[in-house]
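> fold the stuff below for me.
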Amino acid sequence: MHLKLVHAQEEEKNIKRYRIAFPPELILAGSQGTKVAEAGLDVTWDERYTTLQQALLVFSAHGRNDGWPAFPRSVEARLYVNDFLVGTRGWPGYWAACATQTIDANVGAYFISGRNRFRLEVVGSWGPLAAGIDGISGDLELQFLGKEPTVKPPPPEWFEYVKWPLVGLGVVAALFIGLKVFEAVKRS
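Residues are numbered from 1 along each chain as shown. Below is the predicted model of the structure:
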C-alpha cells in the first residue's frame with residue numbers, strides 16, 4: 001500500500017506592530033482630577049485579501065506621585081478604543097516609587113477598518129502636588145493573513161478645523177466667479 005501525503009498550502013501569519021502617538025506623560029497638577037490624551041490610527045484593509053485575526057493593544061506607563069509621603073495621591077489610567085473601555089491600571093497613593101504597569105488588551109472586537117481612536121484618561125485623587133503617569137508607550141499589534149493592512153496616522157488636528165472653512169471659501173469663490181461670468185454674458 002502506497003500513501004501519498006498532500007500538504008495544504010497555508011497562508012503565512014503576519015504580525016506587525018505600529019506605534020500609537022500618545023504623549024510621553026500625563027501629569028495632574030495640583031488639585032486637577034482628570035487629564036485626557038487622544039491619538040488615532042487609520043487602518044484599512046480589503047476583506048477579500050486580508051483577514052484580521054487579532055488586534056492587540058500593548059500599553060505601559062510608570063506611575064508618578066510627587067506628593068509622597070506628605071500628600072499621597074492615587075492615580076488610575078483608563079484606556080479606550082473607539083469609545084470602549086479596554087483596560088485600567090491603578091497606582092495607590094501610598095507607593096513612594098510607583099512601578100511601571102502594563103495593559104495588554106485584545107481590542108479586535110472594537111477595531112474597525114478606517115479611523116480608530118485611542119483615548120487615555122488619567123484620573124487622580126485630590127492632592128496639592130503633582131501626580132500622574134510618565135514613560136507612556138502604546139503599540140498596536142496586528143495579526144493578519146494575506147495582504148498587509150494600510151496603516152497611517154490620521155491628518156493633524158488643525159486640518160479638521162481648516163478643511164471645512166477652505167471648502168466654504170472655495171464655494172464662495174466659485175459663486176463669485178459664476179456671478180461675474182453671468183453678468184458679463186448678460187451685458188453682451
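
> please report how far the spatially most central residue of the chain lies from residue 107.
With distances taken as CA atoms, centre = their mean, the chain has residue 118 as the residue nearest its mean C-alpha position (2.9 Å). Residue 118 sits 9 Å away from residue 107, going by CB to CB, to the nearest Å. (C-beta placed from N, C-alpha, C; glycine too.)

> again with residue 123
Residue 123 is 21 Å from residue 107, by CB to CB.

> the two - which one has more neighbours?
residue 107 (21 against 17; other CB atoms under 10 Å).

> so who does that one touch?
Applying CB atoms under 8 Å, 6 or more residues apart in numbering to residue 107 gives the contacts 55-57, 81, 84, 86, 140.

> which residues do residue 118 and residue 107 both contact?
Between them, residue 118 and residue 107 share the contacting residues 57, 81, judged by CB under 8 Å, 6+ apart.

> how near is the residue nearest to residue 100 when sequence neighbours are not counted to residue 75?
In space, residue 100 comes closest to residue 62 once its chain neighbours are excluded; the distance is 4.5 Å by CB to CB, 6 or more residues apart in numbering. Per CB to CB, residue 62 is found 11 Å from residue 75.

> so what sits against both of the two?
By CB under 8 Å, 6+ apart, the residues touching both residue 62 and residue 75 are 98, 133.

> who's more crowded, the two?
residue 75 (26 against 17).

> per-residue confidence at residue 6?
With respect to pLDDT, residue 6 has a value of 36.

> convert the C-alpha atoms of stretch 145-154 to PDB, please.
Extracted as PDB, the C-alpha positions of stretch 145-154 are listed here (Å, rounded to 0.1, in the frame of the first residue of the first chain):
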ATOM      1  CA  LEU A 145      -3.500  36.600   7.000                       C
ATOM      2  CA  GLY A 146      -2.900  37.800   3.400                       C
ATOM      3  CA  LYS A 147      -2.100  41.300   2.400                       C
ATOM      4  CA  GLU A 148      -0.800  43.800   5.000                       C
ATOM      5  CA  PRO A 149      -3.400  46.400   6.100                       C
ATOM      6  CA  THR A 150      -2.600  50.000   5.300                       C
ATOM      7  CA  VAL A 151      -1.800  51.900   8.500                       C
ATOM      8  CA  LYS A 152      -1.200  55.600   8.700                       C
ATOM      9  CA  PRO A 153      -1.700  58.300  11.300                       C
ATOM     10  CA  PRO A 154      -4.800  60.500  10.800                       C
END
